[in-house]
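Colleague: Return a 3D structure for these sequence lines:
(one chain, ligands or ions: 1)
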Amino acid sequence: MDRGVLVNEYLETSVPGIFAAGDIARWPDPHSGEKIRVEHWVVAERQGQTAAKNILGQKIPFEVVPFFWSQHYDTTINYVGHAEHWDSIHIEGDLDALDCSIKFQADGRTVAVASIGRDLENLKAEEALERETVTPA
Ligand SMILES: Cc1cc2nc3c(=O)[nH]c(=O)nc-3n(C[C@H](O)[C@H](O)[C@H](O)COP(=O)(O)OP(=O)(O)OC[C@H]3O[C@@H](n4cnc5c(N)ncnc54)[C@H](O)[C@@H]3O)c2cc1C
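Modeller: Below you'll find the model as predicted:
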């Protein structure tokens, strides 16, 4: 346990044959190099899919970049990546006009992007984050 149930890259707990997925699971995220636990709907779905395949004997590491799209009345916020801590935040566009991208940066890297009214830009950010991996310390 560590603020959730610890799993390895295959979402298997320290008990062989027992897997955890979704809000409860803390997994080694290859994109940040940290063990993270995320409460996002699609992450839970995709972890369920990976855990199921691994229960059936496959060996698929969970390497998805976390994201959520969340609607607040007429404002949709899209967030991709994972930033528990950051050095700086850069806003591109106009926050008041609900047309912007907010980049969270740590150690010179963009670790997460929140956007409003810029769906395509957010998907491109996801693609860029997917290509980046960090070896855990
Ligand atoms: C108010 C709210 C708003 C949210 N908005 C968003 C959003 O906009 N975008 C987004 O991506 N995510 C959002 N989330 C998060 C998202 O809902 C969760 O990440 C997702 O539901 C996690 O799925 P899960 O299967 O891991 O857990 P859960 O959906 O919590 O499922 C766990 C299930 O286990 C059951 N259970 C618990 N204990 C036992 C037991 N002892 N025996 C049997 N069953 C048990 C529970 O009843 C529950 O059905 C929101 C969450 C909340 C609460």
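Colleague: Please count neighbours and contacts with C-alpha atoms only from this point.
Modeller: Will do.
Colleague: hmm, who's touching stretch 38-51?
Modeller: With contact meaning C-alpha atoms under 8 Å, 6 or more residues apart in numbering, stretch 38-51 is reached by 10-12, 19-23, 25-26, 60-62, 64, 66-68.
Colleague: Just the ones of these in strands?
Modeller: Of the positions in the contacts of stretch 38-51, 25, 26, 67, 68 sit in strands, assigned by DSSP state E.
Colleague: Mark which of the contacts of stretch 38-51 are part of helices, please.
Modeller: Of the contacts of stretch 38-51, none are assigned to helices by DSSP state H.
Colleague: you'd agree residue 130 is in a strand?
Modeller: No. Per DSSP: H, G, I helix; E, B strand; the rest coil, residue 130 lies outside any strand segment and is helix.
Colleague: Just list the residues touching residue 87, thanks.
Modeller: Residue 87 makes contacts with 104, 105, 106, 107, as judged by C-alpha under 8 Å, 6+ apart.
Colleague: ok, so of those residues, who is nearest residue 73?
Modeller: residue 104 (24.4 Å; C-alpha to C-alpha).
Colleague: related to what we said a few turns ago, of the ones in strands among the contacts of stretch 38-51, which are in range of the ligand?
Modeller: residue 68 (C-alpha under 6 Å from any ligand atom).
Colleague: For this protein, give me the ranges with low pLDDT.
Modeller: 136-137 (pLDDT under 70).
Colleague: Residue 85 touches residue 110, doesn't it?
Modeller: No. Residue 85 is not in contact with residue 110 according to C-alpha atoms under 8 Å; the separation is 11.5 Å.
Colleague: Neighbour count: these two, which is higher?
Modeller: Per other C-alpha atoms under 10 Å, whichever of residue 85 and residue 110 has more neighbours is residue 110, with 20 against 10.
Colleague: which residues does the more buried one form a beta bridge with?
Modeller: residue 105 (DSSP bridges).
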